[in-house]
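[1] This is a predicted model, with the sequence first.
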Amino acid sequence: MKKSILMITLAIALAACSATKTDNNTTDTTATVAQQGQAALVVDLFDKEWKLKELNGQAIVLDTTFKREPQMVFQKEGGKLTGNGGCNSFSGTYQLKGDNGIELSEGVATMMACPNLKIEGEFFAALKLVKSYRIENSSLLLESDKKSILARLELAK
């Protein structure tokens with residue numbers, strides 16, 4: 001009986017210790033998503049493909065004859081940012097700043113001609129203005145210094 005009580009007490013203590021432990025690298029980059037009565041799912045910024053859905057509050061409409069979609073990936077190791085603007089691949093770096101602040105480098109991109117260049121140009125221009133981000137449900141919102149939403153990206157399925 002005493003062993004059982006001791007084991008239960010130790011299990012509760014271990015659970016409490018692990019629940020209060022925080023990691024400063026992940027607390028600013030995660031969000032909890034409640035899924036219709038199911039267990040909560042934690043979505044973070046890193047190593048996931050984020051597909052562009054809106055620019056400056058307007059849904060993007062892609063040329064259906066061209067299969068590429070604007071997307072980006074924030075690689076956790078090395079702070080590297082890679083993606084595609086809908087035509088041209090791009091890469092650069094990012095640096096997290098305080099509470100959900102983020103700074104994106106100018107980066108480099110290929111220079112091919114494709115049907116989605118207007119959207120791509122607007123996407124690249126928006127990336128230059130990004131100062132913060134937040135994750136809501138499965139959406140990544142990139143914001144300006146005035147907290148206006150520049151781009152909304154969805155977690156790729």
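    Sure thing, it's come through. Residues are numbered from 1 along each chain as shown.

[2] Determine the number of other residues adjacent to S89.
    For S89, the tally of surrounding residues (other C-beta atoms under 10 Å) stands at 13. Every C-beta, even on glycine, is put in place using the N, C-alpha and C of the backbone.

[3] which residue packs closest to it, ignoring adjacent ones?
    Spatial nearest neighbour of S89, chain neighbours left out: T110 (5.2 Å); criterion: C-beta to C-beta, 6 or more residues apart in numbering.

[4] did I read that right, F124 in a helix?
    Yes. The assignment for F124 is a helix, going by DSSP: H, G, I helix; E, B strand; the rest coil.

[5] which ones are touching the nearest residue to it once chain neighbours are set aside?
    What sits nearest to F124 in space, not counting adjacent residues and going by C-beta to C-beta, 6+ apart, is G85, at 5.9 Å. Applying C-beta atoms under 8 Å, 6 or more residues apart in numbering to G85 gives the contacts P70, A109, N116, I119, E120, G121, F123, F124.

[6] ok, the fourth one - how many residues close by?
    It refers to I119. For I119, using other C-beta under 10 Å, the count is 21.

[7] How about the first one?
    Counted with other C-beta under 10 Å, the neighbours of P70 add up to 26.

[8] Surely it and W50 touch.
    No. Using C-beta atoms under 8 Å, P70 is not in contact with W50; the gap is 9.5 Å.

[9] shaky segments in this protein?
    Along the chain, segments meeting pLDDT under 70 span 1-42.

[10] where's the spatially closest residue to N100 that is not a sequence neighbour relative to S148, distance?
    Leaving out its chain neighbours, the residue that sits closest to N100 by C-beta to C-beta, 6+ apart is S132, at 5.0 Å. Separation of S132 from S148 (C-beta to C-beta, to the nearest Å): 11 Å.

[11] what's the answer for V130, then?
    11 Å.

[12] Between the two, which is the more surrounded one?
    V130 (18 against 10).

[13] so what's the more buried one up against?
    By C-beta under 8 Å, 6+ apart, the contact set of V130 is I102, L104, L142, E143, S144, L150, A151.

[14] My reading is that the last one lies in a strand. Confirm?
    If I follow you right, that is A151. Yes. Applying three-state DSSP, one finds A151 inside a strand.

[15] tell me the SS of the residue nearest to it when sequence neighbours are not counted?
    Among residues not flanking A151 along the chain, L142 sits closest, at 4.5 Å (C-beta to C-beta, 6+ apart). Assigned by three-state DSSP, the conformation of L142 is strand.
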